[in-house]
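# here's a sequence, model it:
(chains A and B)
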Amino acid sequence: MRQWWWKFLAVALLLFASIAALRVPLASALVHVSPDRIAPGPVEITVTGYNTRFAMEEVVYLENDGQRVCAKGVNVVDGTHLQATFHIPAGMKANLTDIRVGRLTYKGALFTAGLGAGITSGSCGPGTTKLDMTGLAFVFPNRSILYESIRNLCFHVPMWFTMIVLMAISVYNSIRVLGSNSLVQDQAAELAAKVGLLFCFLGLITGAVWARATWGAFWTNDVKLNGAAVTGLIYLAYLVLRGSVQDAHKRARLAAIYNIFAFVLLVLFLFVVPRLNAVDSLHPGNGGNSGFSDLDLDSRLRMIFYPAVLGWILLGVWMYDLRVRAARLAETLDR
Amino acid sequence: MRTFLSLSLLLMSITASAQNAAPTWLESTLYGSGKINAVVAVVAVIILGIGVWMWNMDKRIRRMEGKGK
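Numbers count the residues shown, from 1 in each chain, chains lettered A, B, ... in the order given. Sure, this is the predicted structure:
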C-alpha cells in the first residue's frame, strides 16, 4: 500500500502558496518623482505612490544628509498623486536627496545641484497620515525595480529547489547502482534526472521572463544564469551518454559515474561559483549582493515562500513517482 | 526527450520575439501595472510546462493501454 498523504499535502501547500503569492497586497511606496533634479530656487515636485492613499493633510519634506526642507504647499491630486512646492535653499551637502511623504521615503529620489556646506534644517512635523491602501498588516515588500514581480519569488525559485531535490534523488540512485549493479536503480536515476530537467527548463524560462521585466534583458551574463544553463546542458549530456551505450549493465555503471560528476558540478555552478565575491551577479545573495532576507517585512514573504518550495518539491517527487511506476508497468506489459 | 525539445522551442520563440518587439510593447505589458504581468507570464510558463509533461505522460499510458488489450 503506497503512502498517499504527501500528495494531498503537495496540493494543499501549492494551493495556499499560489493564492497567497498572487493575492497578498504590496506595501505602499513612493515610486516616481518628477522632476528628478533639483537646484536652489522654487520647484514643484510631482510624487507618484503605489498602493498609497494620500490624504489632504500629508506632510512632505526633502531630506539631504540629515537636513530637512519642508514643503511650502502640498496639493493632493488623488490617492496616488500629489504635488509639493518647495523653495530649495542653496548649500545642500549631498548629491542625492530623499523625498518623504508621511512615513514613506523614496531614497535618493532627487539629484541635487548647487552643493555647499549645509543648510538650516527645517522642522516639518511628524507624518501622521495613514498610507496603507489596504489597511492590512500582511503585505509584501515593495521594492523599486521589482514591484509586483517580487511575487515571482514563490514561483521561479521553487523550480530550482525542485530540480536540485530531483537531481539529488538521481545521484543517490546512481551511487547505489555502483554497489548493486541494479538496473532498477539505474532507471530510477535516469527518470529523476529527466523530471529534474523539466524543472531546470521551467526555472530558466521563468527566470528569463522575470529578468526581462527587472534587469531589462531575457538573458544577462550573470554567473548564476550561465551556471544554471551549463548545469542543464550537463544533464542533457547525461541523457545523450545513456543513449549511446548499448549494453544495459555497462550503461548503468557509466551513467552512474557520470551522474556523480554531474551532481558535483551542479553544486559548484549553482552554489559555490555564484557566491564568490570575485564574480559579479545580479541575483540576490550572490556575488556579494544581499539576499531577499535583507528586505523589510521579509518574514511575511518567507511565510509564503517556504510552503511554495515544499509544495513544488513534493509535486516534483510525485511526477517522478508517476514516471517510475509507468516505466515499471510498461516493462511488466512487455514481458 | 520531446518535452525538452518543445520547451527549448518555447524558449527560443520567446527570445526571438524579444528581438523583434518594440520597447513600447514591453513597456505596456511587462512593465505596466507594477510589473504584475511578469508574474502572469511566469505562472503561464509553469502551467504550460507541466501541461506538456502531462501530455507526454498521457501518451505513455495510452501506449501501455494499447499493449494491454
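# for A:Val69, grab phi and psi.
Dihedral pair for A:Val69: phi -120, psi 120, per degrees, to the nearest 10.
# contacts only, for it.
A:Tyr61, A:Leu62, A:Glu63, A:Phe86, A:His87, A:Ile88, A:Pro89, A:Ile119, A:Gly122 (C-beta atoms under 8 Å, 6 or more residues apart in numbering or on different chains). Every residue, glycine included, has its C-beta placed from N, CA and C.
# ok, and the closest non-adjacent residue to it?
In space, A:Val69 comes closest to A:Leu62 once its chain neighbours are excluded; the distance is 4.3 Å by C-beta to C-beta, 6 or more residues apart in numbering or on different chains.
# so is the one you found in a helix, a strand, or just coil?
Here A:Leu62 is recorded as strand under DSSP: H, G, I helix; E, B strand; the rest coil.
# quick check, it in contact with A:Val101.
No - the criterion here is C-beta atoms under 8 Å, and A:Leu62 misses it with A:Val101 at 10.8 Å.
# quick one: name the residues of the stretch 151-300 of chain A near chain B.
Applying C-beta under 8 Å from any C-beta of the partner chain, we find that the stretch 151-300 of chain A lies next to chain B at A:151-152, A:155-156, A:159, A:197-198, A:201-202, A:204-206, A:208-210, A:212-214, A:218-219, A:236, A:239.
# so where does whatever residue of chain B ends up closest to chain A fall, helix or strand?
Going by C-beta to the nearest C-beta, chain A is nearest to B:Ala38 of chain B, at 3.6 Å. B:Ala38 belongs to helix B:32-68 when assigned by DSSP states H and E.
# in chain A, what residue lies closest to chain B?
Closest point on chain A to chain B, by C-beta to the nearest C-beta, is A:Ala213, at 3.6 Å.
# separation between that residue and A:Gly49?
For A:Ala213, the distance to A:Gly49 (C-beta to C-beta, to the nearest Å) stands at 21 Å.
# sorry, back to before: which ones among the residues of the stretch 151-300 of chain A next to chain B map onto helices?
Among these, the ones falling in helices (DSSP state H) are A:155-156, A:159, A:197-198, A:201-202, A:204-206, A:208-210, A:212-214, A:236, A:239.
# residue ranges of the helices in chain A, please?
So, for chain A - with DSSP H - the helices run A:5-23, A:153-180, A:183-214, A:223-244, A:248-267, A:298-334.
# mean pLDDT and mean neighbour count for the ones you listed - can I get that in a markdown table?
Shown next, in a markdown table, are the helices of chain A (pLDDT from 0 to 100; neighbours: other C-beta atoms under 10 Å in any protein chain shown):
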| stretch | mean pLDDT | mean neighbour count |
| --- | --- | --- |
| helix A:5-23 | 94 | 15 |
| helix A:153-180 | 96 | 22 |
| helix A:183-214 | 95 | 24 |
| helix A:223-244 | 94 | 18 |
| helix A:248-267 | 95 | 17 |
| helix A:298-334 | 92 | 18 |
